[in-house]
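> just the structure for this:
(2 chains)
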There are 2 protein chains.
Amino acid sequence: MLILKTLVVVSHPKINDSQTQQFLLQGAKLQDVTWHHVEELKEIDVEKEQALLMENDRIIFQFPLYWYAAPAGLKDWEDQVLTRNFVYGDGDDNLSDKEFGIVVSTGMPLKEFQRGGSENVTIDEIMAPYFAIAQRGKMKILPVFTIAQFQYLNEQKQMRLLIDYQRYLTQTYPDSLTNRQEWFEREFADRFKNFDGTNCTECETVLDTFIQRKEDINQLKSTIGLIKQGEDE
Amino acid sequence: MLILKTLVVVSHPKINDSQTQQFLLQGAKLQDVTWHHVEELKEIDVEKEQALLMENDRIIFQFPLYWYAAPAGLKDWEDQVLTRNFVYGDGDDNLSDKEFGIVVSTGMPLKEFQRGGSENVTIDEIMAPYFAIAQRGKMKILPVFTIAQFQYLNEQKQMRLLIDYQRYLTQTYPDSLTNRQEWFEREFADRFKNFDGTNCTECETVLDTFIQRKEDINQLKSTIGLIKQGEDE
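As a prediction, this is how the structure comes out:
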């Protein structure tokens, strides 16, 4: 199977103080992705950054929402790295067909990002400049992954978030049932591999249940298919 | 008459090389406005910047469009100066009822900023983050002043642009016929004052014509008013 290469371009001026970013970093470490924190770069080597973008299939901008956009650090990186020629000039479409995603965190509740909410604007609307870049680069745009009020999530919700985040990093797009199944199966397999021969009865039970459920679903699907076929005839 | 105080927050990393910005600077100099170039600030003194914002009635962000937003310099300024408390926290609405405008220049033709154009997005759409800031600050939003392909404008069009730009800086909002008239009259008066007693027959002719036209318009208006009144009765 072809493995998707993911680059996470992270921007946060005080990343060590950010609970959210540290949490996401733990999740990213369990995935085979490149975590690239722009504020840590001593200087921006344009060619090196461009090569990094070209090596990857999925490019994700990850940042906290500061005044309805990424922190200045990411803009500085964009202004230097994304030269016109690299993105769309002179027939070079170096980013074309790559996937583009955004992971954005905000201290406001998600419900405020709509007409009538205190922000009175949607997340998608304020992300327009990033979508425009992706469009210019002929990239495939993934739905934005928004993390609202991370500090108020209980442990269970945080864990759920972490898995959703990991799927956002590496799961095949679109987020269909089949692609989810495939992602979870691969994850289970990886986890077993990492157990290094140690017995883990619980893990095996989880995997068995998972496979059983998957078979149930496939059977249901073919049953529905047969019923539909009957109706069509 | 109450004089509007205007602050132009300009962002351009190489302002001396920018024909457009140098041209606009000449126009701004003829108006009584504060030209504030953020990249020239050695360090950002938050309190001083906030005081500057509070002193002014109309705040304009002026920049070239770099990846569908202002250059990183303005974002850095925003991230530091616009503290939450200053803009909307704790009941302090330090920007409320001030006017907010944007002067943006682009090397692309304006017609590309629409669906089907090569940018496939409107200027208003990509300005969403700035409008959201203004809205948060309870500011009055002025229509964006867009300068497209300045380098291709002939001299006459450049002069027209310069006057429109000056009006954007200091004319009473909205851009109605009455407010235009008032602005031009004030400008003429200022110019005469600056001639310092020297004769300028041409100027007097222009002013006479202008006043005559204004009177004609007022007479037309009252005639139309009378006709309408007649219809309503």
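> got the residues of chain A near chain B?
Residues of chain A lying close to chain B (C-beta under 8 Å from any C-beta of the partner chain) are A:13, A:66-73, A:75-76, A:78-79, A:82, A:119-121, A:125-126, A:128-133, A:135-136. C-beta here means a position set from N, CA and C on the backbone, and glycine is covered the same way.
> in chain A, which residue is closest to the centre?
The centroid of chain A falls nearest to residue A:168 when counting by C-alpha atoms, centre = their mean (3.0 Å).
> in chain A, which spans are strands?
A:6-10, A:33-37, A:58-64, A:99-106, A:140-141, A:145-148 (DSSP state E).
> helices along chain A, start to end?
Per DSSP state H, chain A carries helices over the ranges A:19-29, A:46-55, A:72-81, A:84-87, A:123-126, A:128-136, A:155-170, A:177-195, A:201-232.
> any chance of these in JSON lines, plus mean pLDDT and distance to residue B:216?
Converted to JSON lines, these look like this (pLDDT from 0 to 100; distance: least, C-beta to C-beta, whole Å):
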{"stretch": "helix A:19-29", "mean pLDDT": "97", "distance to residue B:216": "65"}
{"stretch": "helix A:46-55", "mean pLDDT": "97", "distance to residue B:216": "60"}
{"stretch": "helix A:72-81", "mean pLDDT": "98", "distance to residue B:216": "51"}
{"stretch": "helix A:84-87", "mean pLDDT": "94", "distance to residue B:216": "51"}
{"stretch": "helix A:123-126", "mean pLDDT": "98", "distance to residue B:216": "45"}
{"stretch": "helix A:128-136", "mean pLDDT": "97", "distance to residue B:216": "45"}
{"stretch": "helix A:155-170", "mean pLDDT": "96", "distance to residue B:216": "65"}
{"stretch": "helix A:177-195", "mean pLDDT": "83", "distance to residue B:216": "71"}
{"stretch": "helix A:201-232", "mean pLDDT": "82", "distance to residue B:216": "76"}
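> CA atoms only for stretch A:181-195, dumped as CSV, please.
Extracted in CSV, the C-alpha atoms of stretch A:181-195 (Å, rounded to 0.1, in the frame of the first residue of the first chain):
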residue,chain,number,x,y,z
GLN,A,181,-11.7,1.2,8.7
GLU,A,182,-8.5,0.9,6.7
TRP,A,183,-6.9,3.5,8.9
PHE,A,184,-7.9,1.8,12.2
GLU,A,185,-6.8,-1.6,10.9
ARG,A,186,-3.4,-0.3,10.0
GLU,A,187,-3.1,1.4,13.4
PHE,A,188,-4.0,-1.8,15.2
ALA,A,189,-1.4,-3.7,13.1
ASP,A,190,1.2,-1.1,14.0
ARG,A,191,0.4,-1.2,17.6
PHE,A,192,0.7,-5.0,17.7
LYS,A,193,4.0,-4.8,15.9
ASN,A,194,5.2,-2.4,18.6
PHE,A,195,4.2,-4.8,21.4
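> wouldn't the residue nearest to the centre of chain A be in contact with residue A:104 here?
No. The criterion here is C-beta atoms under 8 Å, and residue A:168 misses it with residue A:104 at 11.6 Å.
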